[in-house]
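Chemist: Structural data only, the sequence is not supplied:
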């Protein structure tokens, strides 16, 4: 695999990782429900809170992939 091909592959993988949180966040009907509740919070709210660290992890992995030489 050539260096340009490896860089292109990493960029594509990073783009996919960056698109995952956007696809999940924009699919509001999927998580726009009240049940199940956790800690007194409806699913709508705790799902968004749970997605924050997941999104941060995906962004970190994408940044590492893009930064690799």
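Modeler: Received it, and whenever you're ready, just let me know what you need. This is a predicted model, so every value here is computed, not measured.
Chemist: in this structure, which ranges drop under the pLDDT threshold?
Modeler: For the chain, residues meeting the criterion pLDDT under 70 lie at 1, 69.
Chemist: For it, which segments count as helices?
Modeler: 3-26, 28-31, 43-67 (DSSP state H).
Chemist: Can you lay out the ones you listed as TSV showing distance to residue 37 and mean neighbour count?
Modeler: Heads up, the C-betas are built off the backbone N, CA and C, glycines and all. Formatted as TSV, these follow (distance: least, Cβ to Cβ, whole Å; neighbours: other Cβ atoms under 10 Å):
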stretch	distance to residue 37	mean neighbour count
helix 3-26	20	13
helix 28-31	13	11
helix 43-67	7	14
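Chemist: In space, not sequence, find me the middle residue of this structure.
Modeler: For the chain, the residue sitting closest to the mean C-alpha position, by Cα atoms, centre = their mean, is residue 21 at 3.2 Å.
Chemist: where's the closest residue to that residue other than its chain neighbours relative to residue 28, distance?
Modeler: Once flanking residues are discounted, residue 21 sits nearest to residue 55: 4.0 Å by Cβ to Cβ, 6 or more residues apart in numbering. Using Cβ to Cβ, to the nearest Å, residue 55 is found at 16 Å from residue 28.
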